[in-house]
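Enquirer: Sequence below, structure please.
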Amino acid sequence: MQFGIAVGIGIEFNDNITLAEHDRISDFILRPSLDIQATWRLSELNTLKLSVGALLCEILDHSEFDSRSVLLSPNSELSFTVYLGQVKFTLRDRLSYQEDNYNVPDPQQYGGPLPRFETKPDFSWSGRSMTRWTLTGGL
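Expert: This next block holds a predicted model:
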């Protein structure tokens, strides 16, 4: 089993953190992040992979707009890859948990950003012929 870990921090200045037309609020936003990846080779060709990106959103002078929990980045996924002959099949689910201002008419009225959980399952396959052509498909 292989593991990978990455730690980072981002800083951003936003001149309109509430996306308001009038009475705009500007502030600095800190985004500490942690990315963890685990890959388990079940056999020479079959692999199970878990990747999780977690972050917080801290707004320096207006903490009422901070993220209310740990956010999962859109590149988080659970995938399983298996080979059958020359064909590679991958089952995957991409997960994310975000808190958005842009879907909220007035974030201050609703007490801050609204949470949004997404899951994007997909299935893909690719095969290589003897003449080096690759055919790929997916749902």
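Enquirer: Need the phi and psi values for Phe65.
Expert: In terms of degrees, to the nearest 10, the main-chain angles of Phe65 are phi -100, psi 10.
Enquirer: ditto for Ser63
Expert: With angles defined as degrees, to the nearest 10, Ser63 sits at phi -70, psi -10.
Enquirer: Quick check: it vs Ser51, distance?
Expert: Going from Ser63 to Ser51 by C-beta to C-beta, to the nearest Å gives 30 Å. (Each C-beta comes from the backbone N, C-alpha and C, glycine too.)
Enquirer: got it, and Glu64?
Expert: In terms of C-beta to C-beta, Glu64 sits 32 Å off from Ser51.
Enquirer: what about these two, which has more around it?
Expert: Taking other C-beta atoms under 10 Å, Glu64 and Ser51 do not tie; Ser51 has more neighbours (18 against 9).
Enquirer: give me the beta-bridge partners of the more buried one?
Expert: Gln37, Glu77 (DSSP bridges).
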